[in-house]
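Asks: Just a sequence and a predicted model for now, questions to come.
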Amino acid sequence: MIIKPINGKHPQIPSDCFIAENATIVGDVVMGNHCSIWFNAVIRGDVHYIKMGDKVNVQDGAVIHATYQTSPTNIGNNVSIGHNAIVHGCTIHDNVLVGMGSIVMDDCVVESNSIIAAGAVVTKNTHVESGSIYAGVPAKKVKDISKDLIEGEINRIADNYMKYSSWFKE
């Protein structure tokens with residue numbers, strides 16, 4: 001793994017987090033407890049800060065970055081960032097699933113209990129209302145989320161990644 005400071009800013013990673021051997025975390029990155037950063041994921045806090053809450057999983061090949069001096073990245077609790085997703089200079093609240101291969105661009109706000117569908121492109125300044133599912137290019141609201149999807153997708157995936165990371169800590 002590559003964990004390195006940039007411009008005097010060191011990543012802050014609690015000891016209960018799992019970081020894959022080839023993940024990269026640099027600069028002004030603050031992670032909460034029980035996070036997992038998977039293979040080939042990159043979290044680059046070189047141009048602005050990146051803050052992550054508890055129980056965030058950043059899956060294989062995902063990239064989290066920000067925009068110099070204007071758009072930091074803030075990620076809440078119980079968030080799953082799917083394989084090869086890009087999360088850039090935006091705010092993601094609690095209990096969110098960012099689907100595989102999706103892109104969330106600068107100055108977007110994704111409110112709690114929402115899903116960004118696989119392959120969606122959430123364009124700059126989009127506001128995703130709480131309880132929504134956004135899909136497509138550009139991403140638009142396709143429906144309201146159900147309690148079943150919150151439990152069956154958002155919480156299930158976040159909980160599974162806690163379990164998966166425990167396998168690598170044994």
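Replies: Nice, thanks for sending it over.
Asks: who's in contact with the most centrally placed residue in the chain?
Replies: Against the mean C-alpha coordinate of the chain, by Cα atoms, centre = their mean, the closest residue is residue 81 at 4.0 Å. Residue 81 is in contact with 56-59, 62, 64, 75, 87, 98, counting by Cβ atoms under 8 Å, 6 or more residues apart in numbering. Any C-beta I mention is one placed from the backbone N, CA and C, and that applies to glycine too.
Asks: Pick out the most distant pair among those residues.
Replies: 59 and 75 (13.2 Å; Cβ to Cβ).
Asks: shouldn't residue 155 be in contact with residue 94?
Replies: No: the criterion here is Cβ atoms under 8 Å, and residue 155 misses it with residue 94 at 11.1 Å.
Asks: Mind listing the shared neighbours of those two?
Replies: With Cβ under 8 Å, 6+ apart as the test, residue 155 and residue 94 both reach residue 78.
Asks: follow-up on the earlier one: if you count surrounding residues, which of residue 59 and residue 75 has more?
Replies: Ranked by neighbour count (other Cβ atoms under 10 Å), residue 59 and residue 75 place residue 75 first, with 26 against 22.
Asks: Show me the shaky parts of this protein.
Replies: 170 (pLDDT under 70).
Asks: For it, just list every one of the helices.
Replies: Counting by DSSP state H, the chain has these helices, from start to end: 147-149, 156-169.
Asks: Packed most tightly, which of the ones you listed would that be?
Replies: helix 156-169 (a mean of 14; mean count of other Cβ atoms under 10 Å).
Asks: Residue 2: neighbour count?
Replies: Residue 2: 12 surrounding residues under other Cβ under 10 Å.
Asks: what's the answer for the one 10 residues further on, then?
Replies: Residues near residue 12, counting by other Cβ under 10 Å, number 13.
Asks: Hmm, residue 32 and it touching each other?
Replies: No: if you go by Cβ under 8 Å, residue 12 and residue 32 don't touch, sitting 9.7 Å apart.
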